[in-house]
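Colleague: My questions are about this predicted structure, shown below with the sequence.
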Amino acid sequence: MTDIAATASAVVGRSLWGDAWARLKANRAAMFSLYYLAFIAAISVFGPWFAPHQYTTIYADYVRTPPSFSPYPKADMIEVALDEAIKRMRTDIKEWRQEGNKVFVTVKSTRPIDDRNIRYLDRSDAFDDTKIESKSPDGLEVTMSASIKQQYFLFGTDNTGRDLLSRTLMAGRISLAIGLLAGVVAVVIGVLYGATAGFAGGKVDEVMMRIVDVLYSLPFIFFVIMLVVFFGRNFVLMFLAVGAVLWLDMARIVRGQALSIRRQEYVQAAEALGVGQRGILVRHVIPNLLGPVVIYMTLLVPQVIILESFLSFLGLGVQEPMTSWGVLISVGAQNIGSANWLLLFPAFFLVSTLFALNFVGDGLRDALDPKDR
């Protein structure tokens, strides 16, 4: 028997984190949502660098342009853009034709035409590289050529002619950063405060919870506005302040869990065996608190994103030319009848991200719950 026990391989147990990761991988919905969130985060962070247009560039000739996989300008838009450019030159079109990706236009005027007038075609978003091909001896008639500048707007453009794709990606960067930043701040403050109140108990718990009740009684939006005024228009500091306000619910949740765990038999048994408070926190309390904390964190991130859109609507949040999903949805809702793509694309990104956060939260709750091991 001794030889068999000596030669048998030792069974290596899994830690809480190893077991949680194995259980999370078995949850297909949670893993798909996790990969989707990673994809959204990656394209939001790196996408604006590779987008065909800057999120601040305005194309005056492409205001409220519908999304399309084919390049602009379309065939029917070339003549319109040409007419507008020639009108700014204060000349009349005699004739024009298109040869491939180039247009040739002959203009006439009652006064000699200045060669510098070709800049009006170059200023158009539809044309580039304008040249004078020929000119009449009296200077009253000029033939010019210009290359058609092809532009791709996969998500269309907004009310001012900015590319919605690049703005949606930049908005994702801002919304996710704000949600995570404020969420982490709220969770850290709430967990520390609630755990302290729950384990201290007695008068300390009473005083700490009465402070929370007083803060609950304050008008939330007034408190946020006061913090915004105090911190200025720096949205990072502003949402650090917002996170410092949203910790109240987290403190109550953690305090209730801590009071419940404190009375459990395994905690009393650990205390009877002489295990210190640090060991009880690491081995028993923290594993049982991770589930509620993670769930609340996944719910807090979309709450902060929605709060940011409300503050931006009031003029206290993200300011132009910066944007966020909440700001884009607010603008799109006002133009849903005439330009529905302004609402559909940012709403899809926001809603799908919120769904993914909820699925990941449910998966983490199941994976981190020691009772389900």
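Modeller: Thanks, I have the structure now.
Colleague: What values do phi and psi take at Arg162?
Modeller: Dihedral pair for Arg162: phi -100, psi 150, per degrees, to the nearest 10.
Colleague: Excluding covalently adjacent residues, which one is nearest to it?
Modeller: Ile58 (5.8 Å; CB to CB, 6 or more residues apart in numbering). The C-beta positions use only the backbone N, C-alpha and C, and glycine is treated the same way.
Colleague: Pretty sure that neighbour sits against Gly161.
Modeller: Yes. Counting by CB atoms under 8 Å, Ile58 touches Gly161, with 4.9 Å between them.
Colleague: what sits up against the helix or strand Ile132 falls within?
Modeller: Assigned by DSSP states H and E, Ile132 falls within strand 127-135. If you take CB atoms under 8 Å, 6 or more residues apart in numbering as the criterion, strand 127-135 is touched by 81-82, 85, 103-104, 113, 115, 118-119, 121-122, 141-149.
Colleague: List the ones among the residues you listed that fall in helices.
Modeller: 81-82, 85, 119, 121-122 (DSSP state H).
Colleague: any idea how the protein splits into domains?
Modeller: Per the record, the chain has its domains at 16-54+157-372, 73-148, by automatic domain parsing.
Colleague: So what's the gap between the last one and the chain middle?
Modeller: Looking back up the chat, that one is domain 73-148. 43 Å (CA atoms, centre = their mean, to the nearest Å).
Colleague: swap in the first one?
Modeller: From the chain centre to the centre of domain 16-54+157-372 is a distance of 13 Å (CA atoms, centre = their mean).
Colleague: That domain - what's its average pLDDT?
Modeller: Along domain 16-54+157-372, the predicted confidence averages to a pLDDT of 81.
Colleague: Send over the helix or strand containing Ala270 as CSV, restricted to the C-alpha atoms.
Modeller: Secondary structure from DSSP H and E places Ala270 in helix 265-272. Output of helix 265-272 as CSV, limited to C-alpha atoms (Å, rounded to 0.1, in the frame of the first residue of the first chain):
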residue,chain,number,x,y,z
GLU,A,265,-21.0,28.6,9.8
TYR,A,266,-17.8,28.3,7.8
VAL,A,267,-16.8,31.8,8.8
GLN,A,268,-17.4,30.9,12.5
ALA,A,269,-15.6,27.7,12.1
ALA,A,270,-12.6,29.5,10.6
GLU,A,271,-12.6,31.9,13.5
ALA,A,272,-12.8,29.0,16.0
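Colleague: Just the CA coordinates for the helix or strand following it, please, in CSV.
Modeller: Next along the chain after helix 265-272, taking DSSP H and E as the criterion, comes helix 277-280. The C-alpha trace of helix 277-280 is given here as CSV (Å, rounded to 0.1, in the frame of the first residue of the first chain):
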residue,chain,number,x,y,z
GLN,A,277,-9.3,38.2,9.6
ARG,A,278,-7.1,38.5,6.5
GLY,A,279,-7.4,34.8,5.9
ILE,A,280,-11.1,34.9,6.3
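Colleague: burial count for Asp366?
Modeller: If you count neighbours by other CB atoms under 10 Å, Asp366 ends up with 16.
Colleague: Next, the buried residues of the helix or strand where it lies.
Modeller: In this assignment (DSSP H and E), Asp366 forms part of helix 341-368. Residues of helix 341-368 classed as buried under the neighbour-count rule (16 or more other CB atoms under 10 Å) are 341-346, 349-350, 353-354, 356-368.
Colleague: I figured Gly172 hits Phe39, correct?
Modeller: No. Counting by CB under 8 Å, Phe39 is not a contact partner of Gly172; they are 10.8 Å apart.
Colleague: of the two, who's got more company?
Modeller: Gly172 (25 against 11).
Colleague: Contacts only, for the more buried one.
Modeller: 40, 43-44, 47, 325, 349, 353.
Colleague: Make CSV from those residues and add distance to Met209 and secondary structure to it.
Modeller: CSV is the format used below for those (distance: CB to CB, whole Å; DSSP: H, G, I helix; E, B strand; the rest coil):
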residue, distance to Met209, secondary structure
Ile40, 38, helix
Ile43, 43, helix
Ser44, 39, helix
Gly47, 45, helix
Trp325, 35, helix
Phe349, 39, helix
Thr353, 34, helix
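Colleague: Can you tell me the element the closest residue in space to Ala60 that isn't next to it in sequence falls in?
Modeller: Leaving aside its chain neighbours, Ala60 sits nearest to Gly161 (5.5 Å; criterion: CB to CB, 6+ apart). Using DSSP H and E, Gly161 sits within no helix or strand.
Colleague: what residue lies at the spatial centre of the chain?
Modeller: Gly172 (2.2 Å; CA atoms, centre = their mean).
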